[in-house]
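In: For reference, the sequence and a predicted model appear below.
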Amino acid sequence: MNSVASELATLPEVRTLAERVFQQLQDAIVRGELAPGSKITEPGLSRAYGISRGPLREAMRRLEAHRLIERVPHVGARVVKLSMKELLELFDVREALESMAARLAAEHMTPEEIAGLREVLALHERQADLRKGEAYYQREGDLDFHFRIVQGSHNKMLMGMLCDDLYYLVRLYRTQFSASGTRPQRAFVEHHRIVDAIEAGDAELAELLMRRHVSASRSNVVERYAASLELQDSETPT
């Protein structure tokens, strides 16, 4: 077998391995196990995950495309860390686009899609952490309430922006700064009200409820993020 054929024969395995590493790293970043702003290197990750540089580089390219890591001149790759201004801008965009998605979902979601949304909420309600009032961690994709509503808008442009371009970055800050304390229980109730409006076909109410929901999330995230920045400043040696 020549070198080209050999390389092609190993591509599916490499892609599978790169996908696995991408999912592991993405989850670690979203949960805060890889801290915002922390430097990451290929040798370090290669040792940690026991893989070669090829699939690791592919995974890191995907992380960069999803805005979870960034390349800094003379520093290298690091986990993304938004400034307060950038975080506010992100939530401004999210509030506008997700409220639009909720309005369109009320107009276009099928009964089967709405039933699936109810099933997601039922699954979330069974989470031990939510019942204990500790957190509200939503898995990605079809197990994510917001993701399902954007899909239900049936608007490909919105789906591209919210389910691909901005999705992982939004999920990072939503998980780290809005998935604990008293906010999760209130958010869960708000989710039910949004679904009720969508099921009733009340586009204006669905849009309003989603706008209020994202705005409340924004206030909570900003408050917690500001507190985390103050804590970091207080711990920094002078």
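Out: Okay, I see it.
In: Make sure R174 is actually in contact with N220.
Out: No: taking contacts as CB atoms under 8 Å, R174 lies outside contact range of N220: 9.7 Å. Every residue, glycine included, has its C-beta placed from N, CA and C.
In: more crowded one of those two?
Out: Each of R174 and N220 has its neighbours counted (other CB atoms under 10 Å); R174 has more, 24 against 21.
In: Quick check: the gap between that one and A35.
Out: Using CB to CB, to the nearest Å, we find R174 at a distance of 17 Å from A35.
In: Tell me, what's the model's pLDDT at G141?
Out: In the predicted model, G141 carries a pLDDT score of 60.
In: what's the answer for L117, then?
Out: For L117, pLDDT reads 93.
In: Tell me where this protein has strands.
Out: 39-40, 69-72, 76-79 (DSSP state E).
In: tell me the contacts of S153?
Out: By CB atoms under 8 Å, 6 or more residues apart in numbering, the contact list for S153 reads M100, A101, A102, L104, A105, H108, M159.
In: what number of residues lie near L87?
Out: 19.
In: wait, isn't it in contact with A226?
Out: No: applying CB under 8 Å as the test, L87 and A226 come out as separate, 9.5 Å apart.
In: Just want the most central residue of the protein.
Out: Most central in the chain under CA atoms, centre = their mean is R171, positioned 2.0 Å from the mean C-alpha point.
In: from what I can see it touches V30, true?
Out: Yes: using CB under 8 Å, R171 is in contact with V30, at 5.8 Å.
In: Can you give the domain ranges for this structure?
Out: Listed by the TED database, the domain ranges of the chain are 17-79, 84-232.
In: Tell me which of those domains sits most buried.
Out: Greatest average neighbour count among those goes to domain 84-232 (a mean of 17), per mean count of other CB atoms under 10 Å.
In: any idea how far it is from the chain center?
Out: Distance of domain 84-232 from the chain centroid (CA atoms, centre = their mean, to the nearest Å) equals 10 Å.
In: Which residues are in contact with the closest residue to L172 other than its chain neighbours?
Out: Distance criterion CB to CB, 6 or more residues apart in numbering; nearest residue to L172, sequence neighbours excluded, is V30 at 5.0 Å. By CB under 8 Å, 6+ apart, the contact set of V30 is L68, Y168, R171, L172, T175, Q176.
In: List just the nearest of the contacts of S153 to L45.
Out: Taking CB to CB as the measure, L45 lies nearest M159 of the contacts of S153, at 30.7 Å.
In: Am I right that the closest one is in contact with Q151?
Out: Yes: with contact defined as CB under 8 Å, M159 counts as touching Q151 (6.3 Å).
In: and the longest helix for this structure?
Out: Longest helix of the chain, by residue count under DSSP state H: helix 203-235.
In: That helix packs against which elements?
Out: helix 84-108, helix 167-178, helix 183-199 (3 or more CB pairs under 8 Å, 6 or more residues apart in numbering; DSSP states H and E).
In: Right, I'll call it a day here.
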